[in-house]
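> okay, predicted coordinates and the sequence, questions at the end:
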Amino acid sequence: MVYFDAASGAPLHSVARQALQASFEEGWADPARLYREGRRARLLLDAAREAAAEAVGCRVDELVFTTSGTRAVHAGIEGALAGRRRVGRHLIVSAVEHSSVLHSADVHEAAGGSVTQVPVDRAGRVSPSAYADALRPDTALACLQSANHEVGTEQPVAAVAETCRAAGVPLLVDAAQSLGWGPVEGDWSLLTASAHKWGGPSGVGLLVVRKGVRFAPQGPADERESGRAAGFENIPAIVAAAASLRAVRAEAAQEAVRLRELTERIRARVPQVVPDVEVVGDPAHRLPGIVTFSCLYVDGEALLHELDAEGYSVSSGSSCTSSTLTPSHVLKAMGVLSEGNVRVSLPLGTAEADVERFLSVLPGAVTGVREKLGAPSPATAVREDVLVVDALGKRCPIPVIELAKVIGDVPVGGSVRVLSDDEAARLDIPAWCEMRGQEYVGEEPTDRGSAYVVRRVT
């Protein structure tokens, strides 16, 4: 098997494994105790904190370890909002933040706070001016990821941080995907990250709160981690996390060049070998190892199973791979095709031969799924005139497949109404129109879902 899902969790780095095993011998005692074993544990914890702070570019006393990146996000947002409660209860987030940020925003809104969600362009990138427009006198906190976990798009953190700083508003940066590649630029105020994203063990997160930022930790607290992360520190895991961060940073510059070339190869070749595909994400401002594309007329879950059978582990943002049957909020915010979505995220050390073989097996996997679903092809026979497509009760990608089957039978200037109660159709039908050069007229509510109106242009 070839693992191409490093954005979900990178394989444990060899340095992390060695540090983990070694620190089990010395790091088991309570670092708050003054006896010899406690002092040894404290030395390990302090050394790990110094290494992590150096990698982040912050003071040692600004960084604490949490039990996960998600916990770091929750603690950071809750503490910053509580610390600035006198200013107001307005929170700003981007529409493509990690679910941990959006869940925190939902909790804040349910408790009476207000939230502004900043939109992104079709490449998944925010505009600094949009953050400036969202700022209000009662804004307590703004959040922005350094790079997106699904499509790899890097955000203009430095510019947004400057805007927020001028307004006196702290900016929290979720750096989970990018920290292994380098420090986050800009005058940000808070930062979070997760060790399993860079090859450290799971269960270790980082929370950085700059000096001068008003911060009031919420929930039960103790004397651990400056009162910002309660509970006994997992010193072996923390030591391994810091050691692996330092190790990946040492090879990041060289590896970034190599992985960027491989992902650029995928971005260029996939549209050549697979028809009706959309490669998404910013083509220039992007992480080295992530590339995402969506295939028309393809069930995402079926495609993942086909690729798994071919020996490739990848992920997907398609609604048909989700128990909620809703498309990825990232793809939805970008307004791109969600059906048949594949995210390839290459771990450090990925072999060129594995990428080439992936590109060789992908066309067959896509064709096989399309054939099973009865997707249209240039040889599809002409059908009788059909102006209404009843796709009620059918899930992604069937509504788009049914639309594609009949659009050729409609005269130029004529319209097709697709009846669908699938949430993904709201995103996929407009995306199909853009890809196929047809006009998307709009959505009309019905008793059992929506009617999506498409006018034939060509």
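Looks like it came in fine. Numbers count the residues shown, from 1 in each chain.
> run through the helices of the chain in chain order.
14-26, 36-56, 69-83, 99-110, 128-134, 157-166, 235-273, 300-309, 329-334, 352-373, 398-406, 425-436 (DSSP state H).
> domains for the protein, by residue range?
Listed by automatic domain parsing, the domain ranges of the chain are 9-248, 251-373, 388-455.
> looking at those, spot the one closest to Met1.
Nearest to Met1 among the domains of the chain is domain 251-373 (5.3 Å), distances taken as CB to CB. All C-beta spots, glycine's among them, are computed from the backbone N, C-alpha and C.
> average pLDDT for the closest one?
Averaging pLDDT along domain 251-373 gives 92.
> does Ala216 touch Gly76 like I think?
No: counting by CB atoms under 8 Å, Ala216 stays clear of Gly76, with 11.7 Å between them.
> looking at those two, which is more packed in?
Gly76 (32 against 12; other CB atoms under 10 Å).
> ok, that one - contacts?
Leu172, Leu190, Thr192, Leu207, Val209 (CB atoms under 8 Å, 6 or more residues apart in numbering).
> what's opposite the fourth one in the beta bridge?
According to DSSP bridges, the partner residues bridging Leu207 are Val64, Thr192.
> pick the one among the contacts of Gly76 closest to Leu359.
Of the contacts of Gly76, the one sitting nearest to Leu359 (CB to CB) turns out to be Thr192, at 35.0 Å.
> ok so, going back, between the contacts of Gly76, which sits nearest Thr66?
Proximity of the contacts of Gly76 to Thr66, judged by CB to CB, is greatest for Leu207, which lies at 5.4 Å.
> next one: the most centrally placed residue in the chain, what pLDDT does it get?
Centrality entry for the chain: nearest residue to the mean C-alpha point is His149, 2.4 Å, by CA atoms, centre = their mean. Confidence at His149, expressed as pLDDT, is 95.
> my read is that it contacts Gln177, right?
Yes: using CB under 8 Å, His149 is in contact with Gln177, at 5.1 Å.
> mutual contacts of the two, please.
By CB under 8 Å, 6+ apart, the residues touching both His149 and Gln177 are Ala7.
> where does pLDDT dip in the chain?
319-325, 377-387 (pLDDT under 70).
> same thing but at 80, please
318-326, 376-387 (pLDDT under 80).
> how far away is the residue nearest to the centre of the chain from Gly317?
For His149, the distance to Gly317 (CB to CB, to the nearest Å) stands at 10 Å.
> name the residues contacting each of those two.
With CB under 8 Å, 6+ apart, His149 and Gly317 have common neighbours Val330.
> contacting residues for the closest residue to Phe65 other than its chain neighbours?
Nearest residue to Phe65, sequence neighbours excluded (CB to CB, 6 or more residues apart in numbering): Ile238, at 5.1 Å. Ile238 makes contact with Leu45, Ala48, Phe65, Val204 under the criterion CB under 8 Å, 6+ apart.
> any idea how far the residue lying closest to Ser415 once chain neighbours are set aside is from Ala256?
Of all residues not flanking Ser415 in the chain, Arg455 sits nearest, at 4.9 Å (CB to CB, 6+ apart). Counting by CB to CB, the separation of Arg455 from Ala256 is 45 Å.
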